[in-house]
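Enquirer: how would this look folded up:
(one chain, ligands or ions: 1)
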Amino acid sequence: MDAIELMKEDHARISQLFDAALANLDPQARSGLLQQIRADLMTHEKMKQDIFYPALRSGGDQAKDIVIEGEVEHHVIAVIADSLEEVPEDVEQWRAKLKVLKASLDEHIRNEEERVFSRARPALGRERLEQLGHEMATFKNRQGATPNAAGPNPK
Ligand SMILES: [Fe+2]
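Expert: You can find the predicted model right below:
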């Protein structure tokens with residue numbers, strides 16, 4: 001799995017976790033899901049910051065623009081992860097807040113996939129992306145994060 005496929009899979013999984021949390025009325029299950037979302041978001045971001053963006057940064061002028069946009073997107077994720085720390089107890093408020101965060105996440109996913117990943121693909125090339133994908137998978141393993149592809153589906 002190359003780096004971009006891996007990051008897209010993360011996006012899809014985190015988005016599904018949000019849906020699962022929104023559909024879950026049990027407070028304990030909800031807070032478990034939120035913790036998982038938060039941990040996954042943070043690993044996703046750290047992995048991009050430590051591996052993906054440094055690789056892009058060394059990819060010449062074309063890649064530099066992509067890095068700038070990517071960093072804006074990176075900030076969005078940090079805000080979402082922080083907001084998940086304080087979630088209202090009340091179910092209605094909780095769902096309302098989560099819906100707003102989910103909308104920000106979806107927007108992030110759209111922007112990053114359309115504007116960052118699609119341009120990074122030709123800038124980095126197939127071989128480099130495969131190599132980076134491997135590094136990212138190793139990174140995630142070390143963090144004890146949900147593995148990609150072969151990993152269990154979130155409940
Ligand atoms: Fe992302």
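
Enquirer: show me where the chain dips below the pLDDT cut-off.
Expert: 149-155 (pLDDT under 70).

Enquirer: again, only using 80
Expert: Scanning the chain for pLDDT under 80 picks out the ranges 25, 27, 59-65, 69, 71-75, 86-91, 144-155.

Enquirer: most remote residue from it's center?
Expert: Ranking residues of the chain by C-alpha distance from their mean position (C-alpha atoms, centre = their mean) puts residue 90 at the top, at 26.8 Å.

Enquirer: from residue 40, how far off is it?
Expert: 25 Å (C-beta to C-beta, to the nearest Å). (Each C-beta comes from the backbone N, C-alpha and C, glycine too.)

Enquirer: now do residue 125
Expert: In terms of C-beta to C-beta, residue 125 sits 28 Å off from residue 40.

Enquirer: higher neighbour count, the two?
Expert: residue 40 (20 against 12; other C-beta atoms under 10 Å).

Enquirer: how close does the closest residue to that one other than its chain neighbours get to residue 105?
Expert: Spatial nearest neighbour of residue 40, excluding adjacent residues (C-beta to C-beta, 6 or more residues apart in numbering): residue 14 at 5.3 Å. To residue 105, residue 14 is 7 Å away according to C-beta to C-beta.
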